[in-house]
Every structure is written in C-alpha cells, then in structure tokens.
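In: generate a structure from the sequence data that follows.
(3 chains)
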Amino acid sequence: MKNRGIAFKLVLFTLSGTMAVFVSAFAYVYFSSKSSMMHFVEMNGRNATHAAAYQIESVLRGVEKVPLNYAALLTSGYYKASDLSLLPRQMLATNPEIFGAAIAFEPEAFEPGKHYFAPYCYRGKNGVLTDIMLGGAHYDYFTMDWYQIPRELDRPQWTEPYYDKGGGNKLMATFSVPFHKELNGKRKFQGVVTADVALDGLRKIVSSTRIYKSGYAFLISRNGVFVTHPISGMIMTNSIFSIAEAKHSNFLRLIGQKMIAGGEGFVELPRGLLYSGKCWLYYTPLPSIGWSIGIVTPEHELLADVLRFGRMVIVIGICGVLLLALIVLLIARRISKPIIDLSATTLEIARGNLDATLPDIKRRDEVGALARSFEGMRVALKDYIENLTQTTAARERMESELKIASRIQMSFLPKVFPPLPGNARVDIAARLEPARHIGGDLYDYFLIDEDQLFFTVGDVSDKGIPAALFMAVTKTLLKGIAEKGMSPSEVLLKCNHELCGGNDSMMFVTLFCGILDLRSGRLRYSNAGHEHPFLLRRGARPERLIVPDGFLLGVNEEASYETMETLLQPGDKLIVYTDGVTEAINSAGEFYSDSKLLDQIESCASLSADGIASRILQSVKTFSSGVPQADDITLLAIWFTGPKV
Amino acid sequence: MDVNGRKQDSFFIVTVAGRMDATTAPEFEKSCLEWIGQGESAFIVDLKELEYMSSAGLRSILVVGKKVKAAGGTISFSSLTPNVAHVFSISGFGSMFKIHDCLETALANS
Amino acid sequence: MMRLLRGLAGFLPVVVLMAAVRVWAALPPAAPDAKPILFVPHWAPQAQFAGYYVAFEKGFYAARGLNVKILEGGPTMPSAALLEKGSVEFATMFLSTAIVERAKGAKLVNIGQIVTGSSQVLIARRDSGIKTIHDMDGKRVGLWGGELSIMPKALFKKYGVHVKVVPQSWSVNLFLRGGVDVVSAMLYNEYHTLLQAGVDSSQLRVFNLSGLGFNVPEDGIYCMEATLKKDPQTCRLFVQASLQGWRYAFAHPRKALDIVMKYVRKAQIATNRPHQKWMLSHMRKVIDLPPPGGCPEQVKKSDYMAICRELMRNAMIQRVPTFSNLIRNCAAAHEK
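Out: Numbers count the residues shown, from 1 in each chain, chains lettered A, B, ... in the order given. Down below sits the predicted model:
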C-alpha cells in the first residue's frame, strides 16, 4: 500500500468510500422495498386465505345445519319409525352440497334385537340417490370415527377427511350430530345423524387461491394431513408433520402445531420445506371444522420485482463507480504525471545535470510551486557549484604557487655542509619545518674564509608569504653583509639598518648569529631578540648560552648589538632553535617547553649534529602529534669536533 | 583571545586575555587602531591574562606602538605573565616599552 | 453332490445350510406356469412386512425355486381364515391369534417366529394426570378387539385396575379429540401416527407392555400342518428367503422403503414414507435375526404358556393347544 502510487490510492479511497455509500443506500432500498413487498404479501395472503376460508366455511355451515336439524328432530321424538329409512334420502334431496347422509343407531336402540340400524343414502353413479343399510360383521360402525367420536364426546363432530371406497372413491369428511332420547329424565345417546361432504368443491376453492404464479394454497385437516396440495400424491398421505419429519425441521412442526391449534400467522420458511426455495406462509383456520388453510408464496417471486429493481440499481451503480474510477484515475494522473516528470528531472539534477529544464514552472497550483522551488534550488546550486569551482581553481592555483614558493624557499637553505678544506673540524646539521607551505624561519651557514664559519638562525614575525619574503630578504642581506673580519654585532647592526628602511608593516626578525673559528673553537656571537641557544659542553649538562641583549631586527633603527664570545672545546655542541620548538603544543594544550628540550639535548651527547637535529625534531613531532603545527620549527646543531691532529 | 578597552582616569586600559598569535594578533591591532582613531592616546595594555604571545603578537604590538607614538601618545604594558615576560625580554621589548608589574603601578607611574 | 450334502447336514446343519443356499441360488427360477405359492401378511402393506416384500422384489423366493405371490393384506383379508380355507399357503399372524385359532381346531403351525418382542403400548397424555398404571383406574381406555386386548386386560388385572374399556378401531382420532384417556398403540405404528398428528412425544406418557412383564412374541410365519408335512423343504425355504428379505431390508433401509412404498401406493394406503421409515427402524428392534442360513429362535414355552393362561382367563380359548403341535420352526421342518 505504501508503495502504491497516488493514482492508485486516490482511486482506492474514493471508490471504497463511494462503494460504501452505494452499498448502504442499496441495502436500505432493498430491505425497505422487501419489507413493503412482504407487507403486501402478508396482506394479500390474509385476504386470499380469509376469502377461501369464508367460502369453505359457508359451505360447511350449510352442510352442518342439515344433520343438526335432523338430530333435533330425532331427539324430539316427533317422527315415525317407518320414515327413518327415508330421512337420509330426504336430506340429500333438499341439500345438493351433501354427498351422503346416514342415521346410525346404537345397538338395540332402534328396536330390540337389531344390533345395527343405519340407513344411508348417497349420490351414486351419475348422481343417482342410492339407499343402503350400514352395519355388519365387516362394517362395525360403532368403532368408526364418524360414529364413535361424537358418541364419546357427546357433541357434533367433523371427521378427519377420508376416502369413501364405497361411493366412488371420493374424498370426503363427515359431520355427525348425536341424538338422544329422554329416559327417566336422563338423556340417553341413541345414535348419530351424519352428512358427508365431498371435498372436491372445497379443494377447487383452495387450489384456485394463490397470490403469485408459482405459489400455492393448501388445506390441512385437524391432524395436519393435506386435504389439498398441488402434488396429488401428498393428499391424505402426508401431513405437515411428516414433511417436518422428513426435512428434520422442528420449525415446520411448530408451525403445523400452531395451524391445527387454530392459529393465524405469517412466517418465513427456509428453503425446501413447503417450497423448493425460501417461501412465505400465511395461514388461517377454518374454525367450524378445525382445519387450516395456508398459502405459500415463494420468496423468489415475491422478491422478483425487488430483485429486478436491485439488479438495475447495481448495474447503474457499477457503471457509475466505473465512470467515477475513470475520472478519478484521470485526475490522479493529472496530478501525479507532473510530479513524476518533476521527480525524473530532479533525479537528473541530483545526478549532476544542473542544466536540466524543470517542467511545469508556469503552473499555478501546488505542483507549480514545487517546481519553482526546485528551480530556485537548481539555480542556487548551479551558482554555488560554479562559484566553488572557481574558488577551488583559484585555491589550487595558489596552492601550487605556494608549493613552488616553498620549494624555492627550501632551496635557499643549505642542505649539506660545504666540504671543509683539508679536514673536517665541525659537524653541522639543520632542520626547518614550516607550519604552512612557506614559513618565516630561516637558518644559514657558510664559510667566510677557510676557518671562519658563519651561522645564523632567525625567526620572522608572523608566517605566510609576507614572512617568507621578509625571510628571503633577511637571508640575502646576511649573506651579503657577512664578510671576513666583521663581528656578528656588526652584521646585525648593518642588517637591522637595511631592514628598517621602509618597513611600515613592522615586520621584524629575531636572529642569532655566530662566527666559529674552526681552528681554535672560538665562538663569537650576537643576538637580536632571538631564543637563547643551548650549549652542550662535552661531558656536561646542557646550559643556556649567555647572550647579549639586542633588539629584534627591522623595527628600531637605533638599536645596537653586542658581540660576546666563548671558547668551544672539541666535542662541545651548540643547538640553536626557534620558538616553534619550545612552543609546540600537544593535544592537551601544553607547551613542549624548555625543560623537555633540555632533556632531549642531554640525551643527545653521543649523537652527531644530524642525529641531534633529527631526534629533537622527532620528539617535538611526537609530542604535538594530532595537533596542527602552529609555528615554523627550526633547529641548527653544531658539533665542534676540534682541529684535526 | 579577548580584547577589551576601557577608560580609567585619563588612561585607556586595554586588557588582553588568551593567546596572541598569528591568527588573533590582527584583532588586537585592529581594535587598538580604532581606539587611536577615536582619539585615545594614553594606553596601558594589561596582559595579566595573556597566556602566550608569538612573534606575530609582538609585531602587532610594534605596529600599535608606532601608531601611538606617531599620534603623540604613550603606551605601556602591565602585569606580564612569565611566558610573555620571557618573550618580551628575549625580543628586547623590555628596552623599547615601559613595563609595569601591575596595573596600579602603571596607572601611578605613567 | 446333493446326497453328500444331505448326509452331512445332520452333523453340520449351519454350514450345510449356508452352502445349500448357494446351490439353490444357482437354480433357475421356478417356471411361471407352476401354481404360485400364495402368502398373505396379516395387515395392509407397511414396513411391518418389509422383509417379505423385499424378499419378493429382490428375488429371494424365486432364487430358491419358490414361485411366491404376495396377496394384499388388510381388514378384509384375515390371514388365519385364509390359511384354514387353503386360500393361501403361508401367512403371518400374531402368536396369540395363532393360539386362539389352533385352540379352535385349525391345524396351523408356526414355522418361524419373526418378531420376538412386543411392540404393544398404552399411551396417555401427560396432562391427563396418568403417571402409572394405577392412575388408569376409572379412566376411559381404548382397547382393540380380539387377542390384542388380552395383554392389556392381563396387565390391568395384575395391577388391580378397573378401567372403562372403549372399543378402539384402527384410528387414533378418538384419543386425539379427547374421547379416551388412554389409547392402545403399536410403537411402530399408532404411536408415530400420534406424533405425525402434531402431538409431541413430550406430551405423551408411554406404557410398554413388554416393560411391564407382558412381553409376548408377535409376528410369526404360519402354514397348515398338512403343508408342512407334505413339503417341509418349501416351508423351510420360504422362512429362509423371508429372513434374507429382512436381513436385506435392515442392511438397505432406503431400498427397502422404496419397495414398501411401492406396495403402499398400490394399495392406496394413507401413509407416508417418514412413517414407514419409523416403522422399519422399529421392526429392527423387535426382530432378532439369526445368522444367514440359521433358524429364527423358537418361541419359549414359558412365553407360550403365559399367553395361553391369559387367553384362558378371558375365555378366548377353552384348552391350551399342545406347544409342540403349534410351534415348529424351520429347523424342525428340516429334520423331517
């Protein structure tokens, strides 16, 4: 989901929202129309069953009247015994709806010695009234339902429907009314008057009743047996309870019980009970006979209109949703397309093509704003990069120039001691580590004549190019000034004089210089504000060389300098350095300090000049490792070996 | 490095704290030249809290000193730390500028 | 081969019978023009006689060379009378009926007692307040006529209960309408008819005669003594084929019901398949089938004597027919 595009999400969310609205609206319409249809069906079911019940009831009531009247007559006793056999025929003649009628007496009740007396008349073939006498070994009517039930209950009764095998195999029901005789003030049961009604007519009434095409009406007896049913095989064989049993439906059984109990109702039945599909049943009782009439309406038909309407709504809904989907998709595309384009272009920019043209800058919407922002960024980035390129180029040029300058500067400095004529009486080595490419420290040594070694170490104030230039000037001056016969102080005085001229920027240089007589070891020296060198006498601890005061060079034209001298013994060593050594800083912010330098020098007693310079430089570097070098570092070591023997 | 200036009596006292080296010295130089431009002439530079001074720092002091002199003013230094005193001594600044032990002495003796 | 089998039969009756069935099964069906052997069950077509209809429909009679024809039973076809008249060769009836007939002098014999238990019950509505047999005192009780009233009467006598007997036909409507307080019923038939008329079993209280010490064997196969004497083989084969029919019916109730329903429809009996299904499943409980080829268990003399005693008491018989004259199962037939 997260990885899906805007269009997909927009379509999904819009459609699911719309679908939810649509589905709920549809459901509402469907259920409300279904419920109104059901209401309609219930009403129609009630009307139809009531109408059928009314018709049947009126037939039955008409039939009932006849035996009731005759029973009353028989109870009253106002009849001739000889007429009794004719009474059934009389009943039929005046009542066409009666199929058969009988007057059945109790044993011996008609006349002593007569076990059976039951004249019966029925409509035989072609409606011809036929009289017979009932009763006999094979027709012991006293235990027949039509006789026994009204007798035992002592009230008129309708029998269950039955097939009369004697009279043309007709389905009929019999209404029997007991009649009595007053004997010693007691009512004594004498027999029953019966009227049979053929159920064909009633069945026609029921089977013509229906609401929808495939629905049907049915009639069940007091025992729940089907008196009418669209499947003729069900009639008289099956009951609503046998169906319930076959379908294992206790629900249907309960409905059957309500029906035969004289209830009225409207229920929904699951599929396959009274109809193959789901259906609705309206039932109403026939109170006189205790039967019940039901009308079955299949749900599919009941809902056919609802479903047709629903299908139409669904089709419209789906079309609508599809159209909406298309529109949303187009809108989404319209929104996401420029973003995709923009994204492609920005990707190109990200890859380095800063000249890529951003699309949609003229749009007035959010995408346009985004595009403009990107454009602003692109331009700024381009400017910056161009700027950076130029700066870098300038800096590279400067760096390379500085490198060249550095090389030039370093080439000023003597690397190797010039071979002494004759024999070596001195060992000399120097190191210069500028803090930047070029620095303001300087050293130099050269022979003024064959015995006189001039050496100097200086430190120009500040660093960088100005210092380097000033150093170059100073070194050149010294080389030019230092001549045979000049004392160190004279060299400094002269140099100071030269440097002071036109030095508005107040550049200055501290300088120590000395002239060592290689034969005698006599060292004359002078100092212009420089760090005092260390002297390591052979076999002794290092000590500071005592030097005369002298103002640094290049500032005070009136400054004066002195020369002092000492005698070096063979093996003595002199270490001259700049403050870059003692003021080197370690990562804890501590200075290298004089004391450390002193310790190093002390450990260098047995080393050559080069060894001393190397060791001290290494020590300083180790000390200040990880910290950028703040100042130029210069070391000059002289080992006076003494005249050769 | 911190450079601050304040008037006290007729003097303009400049206090410098921290390190004065090639990186920071131009700031000191610039500040002092401004004060000179504003007409200050009697400078006492209090170095009580200056930890370190490089040759670049010395140069700035020389520049300032020269400007002060050119403007007809005076400049003196007070309360040098041992480090700084050593540098002053070696470089010969001690003979070029007036140095006082403390600010009070400087105020009294200038 | 046949002789060898007959020779062995006395020692290994069961094994030989099983083998014999196979041999007869291989025989060609009886010739159609041969005079059919007629059989009538003692009531209208229903699952109570499923075994016989199945045996016929599945050809179990024909396979034994018996050209059996089943007549439609019913109230107009009293099986004992038909046997005595020689109208049919075989018939079923209740043991009590047979005893009565034998006592009257009819020379009929029992060649196989099929139903070994009693299904007769008395039923009252629970709301009638009848909880025990004693509660039936003074109540209207529907009783069938003839031998079927014997056991209930014996029961009432045993419990010292005096009831108002109301003659009961084959309908239970009188009970349904409240005309009697207690109704006679067969568990496999009328009881279920009540249920199918919408009465719930929870509304009824059922008194089992068998459970009250009056368990009498019911349906059995009968023929005339002369028939058995003349053709014991046919008698035995008829019983064996009928038992096979029952065995098949219980193993394939659905097919058996199809067959029963066919006869039901033919006879236009007002019944339905669920009812017949109930009946068949109940028959299974009261029919104790012997293993294939075996004989049905013979009626116990004690049961026989108990029935005779009650029949005597009710003046249905004047003398007790000799047990061994009446009860001759198929194994006995074979011995001859």
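In: how much space between the closest residue to residue C:286 other than its chain neighbours and residue C:147?
Out: Counting by C-beta to C-beta, 6 or more residues apart in numbering or on different chains, residue C:117 is the residue found nearest to residue C:286 once chain neighbours are left out, at 4.0 Å. The C-beta positions use only the backbone N, C-alpha and C, and glycine is treated the same way. Computed with C-beta to C-beta, to the nearest Å, the distance linking residue C:117 and residue C:147 is 17 Å.
In: who has more neighbours, these two?
Out: Neighbours per residue (other C-beta atoms under 10 Å in any protein chain shown) separate residue C:117 from residue C:147, with residue C:147 holding more: 23 against 16.
In: would you say residue A:456 is within a strand?
Out: Yes: under DSSP: H, G, I helix; E, B strand; the rest coil, residue A:456 sits within a strand.
In: per-residue pLDDT of it, please?
Out: pLDDT for residue A:456: 94.
In: any idea how many residues pack against it?
Out: Each residue near residue A:456 was counted by other C-beta under 10 Å, and the total is 29.
In: for chain B, see how far away the closest residue in space to it that isn't next to it in sequence is.
Out: Nearest non-adjacent residue to residue A:456, counting by C-beta to C-beta, 6+ apart: residue A:513, 3.8 Å away. Distance from residue A:513 to chain B, counting by C-beta to the nearest C-beta, to the nearest Å: 15 Å.
In: number of nearby residues for residue A:513?
Out: Close neighbours of residue A:513, defined as other C-beta under 10 Å, add up to 28.
In: in what helix or strand does it lie?
Out: If you go by DSSP states H and E, residue A:513 is part of strand A:509-517.
In: show me what from the stretch 101-250 of chain C comes close to chain A.
Out: Counting by C-beta under 8 Å from any C-beta of the partner chain, the stretch 101-250 of chain C comes close to chain A at C:140, C:166-169, C:171, C:173-174, C:176-180, C:195-198, C:200.
In: let's go with 7 Å and repeat that
Out: Neighbours of chain A within the stretch 101-250 of chain C, by C-beta under 7 Å from any C-beta of the partner chain: C:166-169, C:171, C:173-174, C:176-180, C:196-198.
In: same check on chain B?
Out: B:21-22, B:54-56, B:58-59, B:62-63, B:66, B:90-92, B:95-96.
In: now, the most widely separated pair of the residues you listed?
Out: The span of the residues of chain B next to chain A, defined through C-beta to C-beta, is set by B:22 and B:95 at 24.4 Å.
In: for the most centrally placed residue in chain B, what are its contacts?
Out: Centre of chain B computed as the mean C-alpha position; nearest residue by C-alpha atoms, centre = their mean is residue B:45, 3.6 Å away. When contacts are counted by C-beta atoms under 7 Å, 6 or more residues apart in numbering or on different chains, residue B:45 touches B:14, B:16, B:75, B:77.
In: just the strands in chain B please.
Out: B:2-8, B:11-20, B:42-53, B:74-78, B:98-100 (DSSP state E).
In: ends of stretch C:117-136, how far apart?
Out: 24 Å (C-alpha to C-alpha, to the nearest Å).
In: stretch C:68-76 too?
Out: Its start and end residues considered, stretch C:68-76 measures 21 Å (C-alpha to C-alpha).
In: got it, and stretch A:352-364?
Out: End-to-end for stretch A:352-364, by C-alpha to C-alpha: 28 Å.
In: which residues outside it are in contact with it?
Out: The contact list for stretch A:352-364, computed with C-beta under 7 Å, 6+ apart, reads A:338, A:341-342, A:345, A:348-349, A:367-368, A:371-372, A:374-375, A:378, A:381-382, A:385.
In: so how do I select the buried members of those residues in ChimeraX?
Out: Command for ChimeraX, covering only those of the contacts of stretch A:352-364 found buried under the criterion 16 or more other C-beta atoms under 10 Å in any protein chain shown:
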select /A:338,342,345,349,367,368,371,374,375,378
